[in-house]
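Undergrad: what shape does this take:
(one chain, ligands or ions: 2)
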Amino acid sequence: MSKIKVLDKILQDKIAAGEVVERPSSVVKELVENAIDADASDVTVYIEESGMKSIRIIDDGHGIRKEDAPLVFERHATSKIENDYDLFQVRQLGFRGEALASIGSVSHATIESFNRESSPFKLTYHGGEQIELTDGKERVGTDILIENLFYNTPARLKYVRHLKTEAGKIIDVISRVAIAHPNVAFKLELDGSTRVQTKGNGNLKEVIADIYGLNIAKAAIPFEHETQDFNITGFIVKPEISRSNKNYIHVSINQRHIKNFGISQAIINGYHSLLPKDKYPIAFLNIDMDPKLVDVNVHPTKLEVRISKDRALFVLIEEAVKATLRGTPLIPEITHDE
Ligand code: ADP
Ligand code: MG
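TA: Ligands and ions are numbered 1, 2, ... in the order given. I've put the predicted structure just below:
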């Protein structure tokens, strides 16, 4: 008898879930990204007990057709790409068709959705198995509820229960997505209290004020720099206000929040001697570029990406930060780390 066996689908999904949905905040990130990919202009997130009791996300995007309901929780099932040509120029945040399969395999999920060209449905899915598919409400958009996360993966459940910082991570996820999408109104409620709220009127400075307060928004200098390959826009904050870590350097590429050591370093170098030792700048930059020149398929959560012409981009950012700061009179008041 052969020793090698193909694992059953439910077990395959559970194993894969370990990569994509490490903790409640990663579930929130995936679900909010799906709402944005559906062109939502309003996204509301309700979290109970740091996501361990429930995560509910309501969007006003285009919704899901009822015909597609059976595929929603299938692995590698996506509406976003069809071939490898698409894969190498992804504009959407998702494309792998993995998130819902992973989340659905380690939780009790209920999704209610309505797309105008189809009829509304409500689907419940428990631990990788479809429980029920019924009619839903006629409200365009999607309402997804995740309960009992990791109930069937005991080690993960134990690990996640010990996380003290999860609420903070969820606030961070929503804040970063909101900054990358000033045209979407976000609201995050944690155990009934509103923690993040943005208006979605497209004004990034207002989003910065809504999330980080007026002081930082007032000290934000508009940043605009365009070359043949890159169009970089956003704000960099006057060096009088700084932070003791790099977490306040926000960078997105084509509105996807990313982490890139080289870009952060280029921004820091642009401030050079204007910052005290061990202090880091606050910045909010989006880089628009041809999606063919950035590979987003290199990291499980797509936080890290590979950029062609990255050296040129680093030099450009450093020089542009220097020039932008030079054009600004320094303000005397000093407020490091509020
Ligand atoms: P991906 O985002 O990589 O396509 P997901 O597993 O996150 O994969 O979602 C699977 C599919 O379900 C998506 O391609 C999309 O068609 C649909 N979907 C999920 N969430 C939403 C939503 N909030 N609004 C509309 N469609 C959605
Ligand atoms: Mg997705």
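
Undergrad: can you give me the end-to-end span of stretch 53-72?
TA: 22 Å (Cα to Cα, to the nearest Å).

Undergrad: close to ligand 2, is that stretch?
TA: No. Shown here: stretch 53-72 not in contact with ligand 2 (Cβ under 5 Å from the ion), separated by at least 10.5 Å. No exception for glycine: its C-beta is placed from N, CA and C like everyone else's.

Undergrad: buried stuff in that stretch?
TA: 54-66, 68-69, 72 (16 or more other Cβ atoms under 10 Å).

Undergrad: distance of Ile10 from ligand 1?
TA: 16 Å (Cβ to the nearest ligand atom, to the nearest Å).

Undergrad: would you confirm that that residue contacts Gly128?
TA: Yes. Counting by Cβ atoms under 8 Å, Ile10 sits close enough to Gly128 to count as a contact (4.0 Å).

Undergrad: if we can go back for a sec, quick check: the farthest pair among the buried residues of stretch 53-72?
TA: Within the buried residues of stretch 53-72, two members stand farthest from each other by Cβ to Cβ: Ser54 and Arg65, at 26.0 Å.

Undergrad: overlap in contacts of Ile10 and Gly128?
TA: Ser105 (Cβ atoms under 8 Å, 6 or more residues apart in numbering).

Undergrad: which of the two has more residues huddled nearby?
TA: Gly128 (23 against 13; other Cβ atoms under 10 Å).

Undergrad: these two touch, right, the more buried one and Ser105?
TA: Yes. With contact defined as Cβ under 8 Å, Gly128 counts as touching Ser105 (4.0 Å).

Undergrad: list the residues that contact both of these two?
TA: With Cβ under 8 Å, 6+ apart as the test, Gly128 and Ser105 both reach Ile10, Asp13, Lys14, Phe73.

Undergrad: may I ask which two of those are separated the most?
TA: Longest span within those, Cβ to Cβ: Lys14 and Phe73, 12.9 Å.

Undergrad: quickly list what's touching both of the two.
TA: In contact with both Lys14 and Phe73: Ser105, Gly128, using Cβ under 8 Å, 6+ apart.

Undergrad: residues in contact with the helix or strand hosting Glu318?
TA: Assigned by DSSP states H and E, Glu318 falls within helix 310-326. Applying Cβ under 8 Å, 6+ apart, the external contacts of helix 310-326 come out as 221-223, 225, 227, 229-230, 232, 236, 238-239, 260, 262-263, 265-267, 269-272, 274, 283, 285, 287, 307.

Undergrad: the residue nearest to Gly327 when sequence neighbours are not counted: neighbouring residues, count only.
TA: Distances taken as Cβ to Cβ, 6 or more residues apart in numbering place Ile221 nearest to Gly327, at 7.9 Å, with adjacent residues excluded. The tally of other residues near Ile221 (other Cβ under 10 Å) stands at 15.

Undergrad: beta partners for Ile221?
TA: Following DSSP bridges, Ile221 is listed with bridge partners Ile236.

Undergrad: check what pLDDT it gets.
TA: We have a pLDDT of 96 for Ile221.

Undergrad: give the contact list for it.
TA: Neighbour list for Ile221: Phe235, Ile236, Val237, Lys238, Thr324, Leu325, Gly327, Thr328 [criterion: Cβ under 8 Å, 6+ apart].

Undergrad: now the two most distant members of the residues you listed.
TA: Val237 and Gly327 (14.4 Å).

Undergrad: more neighbours: those two, which one.
TA: Val237 (24 against 8).

Undergrad: wait, isn't that one in contact with Lys279?
TA: No. Val237 lies out of contact with Lys279 (Cβ under 8 Å); the separation is 11.7 Å.
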